[in-house]
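Colleague: Build me a model from this:
(4 chains)
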Protein chains: 2
Amino acid sequence: MTSNQDLKYKLDDQIGFILRRANQRHTGIFSDLMPDELTPTRFAALVRLLECGTLSQNQLGRLTAMDVATIKGVVDRLRERGLVESIRDRNDARRQSISLTERGRMAVLAAIPRATEVTEKTVSGLSETERDTLMALLAKIT
Amino acid sequence: MTSNQDLKYKLDDQIGFILRRANQRHTGIFSDLMPDELTPTRFAALVRLLECGTLSQNQLGRLTAMDVATIKGVVDRLRERGLVESIRDRNDARRQSISLTERGRMAVLAAIPRATEVTEKTVSGLSETERDTLMALLAKIT
DNA sequence: TCCAATTTATTAGCATGCAAATGATATGGC
DNA sequence: GCCATATCATTTGCATGCTAATAAATTGGA
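Modeller: Numbering: from 1, shown residues only, chains lettered A, B, ... in the order given. Alright, predicted model coming up:
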């Protein structure tokens, strides 16, 4: 079966492929610099709770770009680690209200400087202008 | 526990968070337009095999940004679907040589126009110049 | 020729990521 | 008051994604 070097479709030129690679590099830097118990998605959930206070699980998922099944698992693991607590909402029995525990609050506050380093390192090959441009263009395709 | 709207660290401004969202939008478009049996990673593997001809599993993983355990699973599923075949390399018994079957070749050739649409749709909100800029900047952070 | 180091692949385990189905609860129109 | 529709959460199942451990095979230097 002959190879197709003259194929017009180039994987390396596809936005999806390069997004995946950029994402992988970022998560690699994240796991290098952040505490082992904090994955990108867990950290995002904690930051949102820090920003917003108590949220329903559904709302927390929406604010962290996570599917309902995914946020369920993330909240379970954060609760197992004592970083959040969930209580059934008193006004709406369908809802779980999620909030940071004191330990969770301290953990996320302690991790934020490191997370800032993660971001810095991820974009370290770019100038300030390039960083702003990249963020703006990525925002346009989300 | 008071909220922290004045927190300096903004999740929405972190490259990792926005990369994840961009990636999710892309994979959503991908699953909308591509045949059900082709996921982004399977498709990438097939395209590489089309481009390069026979590859070792390890090499295929490297060329598709997949970990050795991940590419093992992807190749298994492609083989289960009759899209690739793997044969132990005759010169190096550690290696599996992976190649497209005729069915795999036809499937990937048929899917490429759709994949082109996926890319087009993902970046449809950008001008031509912006697309080039985005690709260049992403390439700089991989 | 021997063996340490390296390479390739497999396996196990944990963590997302998402579609689809399901159940409980809330909402709003008739 | 009833009921269709919507919302929130859970569950199941499949697909990555990766680390770490393991085994088999290759390589290259002593």
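Colleague: Show me the contact partners of the host helix or strand of residue A:133.
Modeller: Using DSSP states H and E, residue A:133 sits within helix A:128-140. Helix A:128-140 has contacts (Cβ atoms under 8 Å, 6 or more residues apart in numbering or on different chains) with A:123, A:126, B:13, B:15, B:18-19, B:22, B:125-126, B:130, B:133-134, B:137-138, B:140-141. No exception for glycine: its C-beta is placed from N, CA and C like everyone else's.
Colleague: Tell me the residues of chain A that contact DNA strand D?
Modeller: Taking Cβ under 7 Å from any atom of the strand as the measure of proximity, chain A contacts DNA strand D at A:20, A:24, A:27-28, A:31, A:56-59, A:61, A:68-69, A:72, A:75, A:89, A:92, A:94-96.
Colleague: Got a ChimeraX select line for the buried ones in those?
Modeller: To isolate in ChimeraX the members of the residues of chain A next to DNA strand D that are buried, counting by 16 or more other Cβ atoms under 10 Å in any protein chain shown, one can use:
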select /A:20,24,27,56,57,59,61,75,95,96
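Colleague: among the residues of chain A next to DNA strand D, which are in strands?
Modeller: Those of the residues of chain A next to DNA strand D mapping onto strands are A:56, A:96, per DSSP state E.
Colleague: The residues of chain A next to DNA strand D: which ones sit near chain B?
Modeller: For chain B, the contacts drawn from the residues of chain A next to DNA strand D by Cβ under 8 Å from any Cβ of the partner chain are A:20, A:24, A:27.
Colleague: quick one: which of these is nearest residue B:118?
Modeller: The shortest approach to residue B:118 among those belongs to residue A:20, at 13.0 Å (Cβ to Cβ).
Colleague: Verify the contact between the closest one and residue B:20 for me.
Modeller: No. The pair residue A:20 and residue B:20 fails to qualify as a contact (Cβ atoms under 8 Å) at a distance of 10.7 Å.
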